[in-house]
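K.L.:
model the structure of this input:
(chains A and B)
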Amino acid sequence: MPATADNLDGTKIILGPGKLYADVAVPAAGARMTLSSGTPDSTENANAKQLGLTVDGSVITFGLETQDFGSDELASPHFSRIINTPVTIKAKIIQIMDFTNVLKYLMPQAAYSTAAGYKQMALGGQSAITTYSFALIAPTVEDPTKYWVAHLYKAYNKNPFSFSVTRADQASAEIELMGLAIATRTTDPVGNFWQQI
Amino acid sequence: MAEKEQTPIPAGPWTEAKLGTELYEKLAREYGVLEPTPTFRPALGLMELYKAQQADASAKAKKEK
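P.N.:
This is a model prediction of the structure:
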């Protein structure tokens, strides 16, 4: 009888760096965003902005919360159901002094404005959360001309925007982009995780 | 492939500023299957659908020649 082939492939690993973008276009239902040289295609994603430098890259979490059901007769659960599937992207950003391209997208508790001589985030008075579409893009190890993408269609930074100001180190702010579902989309309501082949 | 009765997709970028609110919301519902809200008004990624429509239109034009 034939043996099962090994599946040991060092090119199937993920190794960054990746690039995190805000305000990318939301693709048609079931489709994927258009890339150009590993970045959002600038025609289709006219508003896309890279969120700049990070301390130590990004962390993606495809969360899974389940409810197990058991019985008196069995010592292990006999059924599980998915209750919640939160998807998040975390990063420690350091381009904090970039109001137009970074802060604007990461402070739902503030309102961005600019005019001659200043850029500002007005604090307070917000109740509705403005959401954006965020995407993390990185090349594959197998073929650096091909890329993988983790895309949240409707997300916001749920972390308080907090950073230290000290002479000893650069300031960084930890963000956590939380993906919300678009209620009208059935097959991909929150986003997608895909690779070019 | 897009159905015939659907709204033809104009050239990108498909932002609300370029399309105008009425067409933007129509395209978002028809092709993006999303309901724009006051706090969520993304550009729409319609490149593949747009290309398919363009190819379809040029194929028809060739046929008619």
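
K.L.:
state the mean pLDDT of stretch A:55-69.
P.N.:
Average pLDDT, stretch A:55-69: 97.

K.L.:
the helices in the chain, which residues?
P.N.:
No chain specified, so I'll use chain A. Along chain A, counting by DSSP state H, helices occupy A:104-106.

K.L.:
my question was about chain B
P.N.:
Applying DSSP H to chain B gives helices spanning B:16-19, B:21-27, B:47-64.

K.L.:
mind checking those for the one nearest to chain A?
P.N.:
With Cβ to the nearest Cβ as the measure, helix B:47-64 is the member of the helices of chain B nearest chain A (4.6 Å). The way it works is simple: take the backbone N, C-alpha and C, and place the C-beta from them, glycine included.

K.L.:
could I get the buried residue list for that closest one?
P.N.:
Residues B:Met47, B:Leu49, B:Tyr50, B:Gln53 are the ones in helix B:47-64 that count as buried (16 or more other Cβ atoms under 10 Å in any protein chain shown).

K.L.:
chain neighbours aside, what residue packs nearest to the first one?
P.N.:
Excluding its sequence neighbours, the residue lying closest to B:Met47 (Cβ to Cβ, 6 or more residues apart in numbering or on different chains) is A:Thr34, at 4.6 Å.

K.L.:
isn't the one you found up against A:Ala48?
P.N.:
No - contact criterion Cβ atoms under 8 Å: A:Thr34 and A:Ala48 do not qualify, at 10.8 Å.

K.L.:
mutual contacts of the two, please.
P.N.:
A:Ala25, A:Pro40 (Cβ atoms under 8 Å, 6 or more residues apart in numbering or on different chains).

K.L.:
between those two, who's got more neighbours?
P.N.:
Remark: of A:Thr34 and A:Ala48, A:Ala48 carries more neighbours, 23 against 19, as counted by other Cβ atoms under 10 Å in any protein chain shown.

K.L.:
got the confidence number for that one?
P.N.:
pLDDT at A:Ala48 comes out at 96.

K.L.:
got the contact list for it?
P.N.:
Per Cβ under 8 Å, 6+ apart, neighbours of A:Ala48: A:Tyr21, A:Ala22, A:Asp23, A:Val24, A:Ala25, A:Thr39, A:Pro40, A:Ser42.

K.L.:
okay, those in JSON lines with distance to chain B, neighbour count and pLDDT next?
P.N.:
Listed next are these as JSON lines, based on distance: Cβ to the nearest Cβ, whole Å; neighbours: other Cβ atoms under 10 Å in any protein chain shown; pLDDT from 0 to 100:
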{"residue": "A:Tyr21", "distance to chain B": "12", "neighbour count": "24", "pLDDT": "98"}
{"residue": "A:Ala22", "distance to chain B": "11", "neighbour count": "21", "pLDDT": "98"}
{"residue": "A:Asp23", "distance to chain B": "7", "neighbour count": "20", "pLDDT": "96"}
{"residue": "A:Val24", "distance to chain B": "8", "neighbour count": "29", "pLDDT": "97"}
{"residue": "A:Ala25", "distance to chain B": "4", "neighbour count": "30", "pLDDT": "96"}
{"residue": "A:Thr39", "distance to chain B": "14", "neighbour count": "16", "pLDDT": "97"}
{"residue": "A:Pro40", "distance to chain B": "9", "neighbour count": "28", "pLDDT": "97"}
{"residue": "A:Ser42", "distance to chain B": "8", "neighbour count": "12", "pLDDT": "93"}
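
K.L.:
would you point out the most distant pair within the residues you listed?
P.N.:
Farthest pair in the contacts of A:Ala48 (Cβ to Cβ) is A:Ala22 and A:Ser42. Separation: 14.2 Å.

K.L.:
skip the chain neighbours and tell me the closest residue to A:Arg185.
P.N.:
Of all residues not flanking A:Arg185 in the chain, B:Val33 sits nearest, at 4.9 Å (Cβ to Cβ, 6+ apart).
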